[in-house]
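how would this look folded up:
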Amino acid sequence: MRNFRELTVWQKAHELVIEIYRGSSRFPADERFGLTVQLRRAAASIGSNIAEGCGRGSDKDFSRFLSIAAGSASEVEYQLLLAHDLGYLTEKDYRSLDASVNEVKRILNSFIQSLT
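Numbers count the residues shown, from 1 in each chain. From the prediction side, this is the model:
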């Protein structure tokens, strides 16, 4: 069993979700039950799946949860693009969040490859 808090990828994912919560708090009120919720849930899912995978007994199980986290990261990447294109995120905020989610994806993919 691994301690998820010690993993750089989890730390980066945790920072990302906090920034997404902050950034999405400025979305229009009519998106409260739409894109805001979807984006926040997908972002939280990244760190949640990393943490859950750490509690599993084998590298194979851990790798599977990292793959699910990578899928959630791709979902976040698209939802950030959508939020930007709808004018909900400034160019600066979008670029920063997009860079962060892509960093998490790169780390996840490297980690998955090291386990398989």
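
hey, C-alpha coordinates of stretch 107-116 in CSV?
C-alpha atoms of stretch 107-116 as CSV (Å, rounded to 0.1, in the frame of the first residue of the first chain):
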residue,chain,number,x,y,z
ILE,A,107,2.9,12.2,-15.0
LEU,A,108,0.0,9.7,-14.9
ASN,A,109,1.0,8.2,-18.2
SER,A,110,4.7,7.8,-17.1
PHE,A,111,3.5,6.2,-13.9
ILE,A,112,1.2,3.8,-15.7
GLN,A,113,4.0,2.8,-18.1
SER,A,114,6.4,2.2,-15.1
LEU,A,115,3.9,-0.2,-13.5
THR,A,116,3.1,-2.3,-16.7
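
same for the longest helix along the chain, what does it pack against?
In the chain, taking DSSP state H as the definition, the longest helix is helix 59-85. With contacts defined as 3 or more C-beta pairs under 8 Å, 6 or more residues apart in numbering; DSSP states H and E, the secondary structure elements packing on helix 59-85 are helix 8-24, helix 35-54, helix 91-115. In this view, the C-beta of every residue, glycine as well, is placed from N, C-alpha and C.

And those helices: which comes nearest A70?
helix 91-115 (4.5 Å; C-beta to C-beta).

mind listing what's buried in the closest one?
Buried positions in helix 91-115, judged by neighbour count with 16 or more other C-beta atoms under 10 Å: 93-94, 97-98, 100-101, 103-105, 107-108, 111-112, 115.

likewise stretch 33-50?
Residues of stretch 33-50 classed as buried by neighbour count (16+ other C-beta under 10 Å): 35-36, 38-40, 42-50.

for those, which one is nearest F27?
T36 (4.9 Å).

Could you tell me how far the closest one is located from L115?
33 Å (C-beta to C-beta, to the nearest Å).

what do you get for Y94?
Y94 is 32 Å from L115, where distance means C-beta to C-beta.

Just send the helices and strands packed on helix 59-85 back as a markdown table, with distance to R2 and mean pLDDT too.
Output for the helices and strands packed on helix 59-85, formatted as a markdown table (distance: least, C-beta to C-beta, whole Å; pLDDT from 0 to 100):
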| stretch | distance to R2 | mean pLDDT |
| --- | --- | --- |
| helix 8-24 | 9 | 97 |
| helix 35-54 | 4 | 97 |
| helix 91-115 | 11 | 97 |
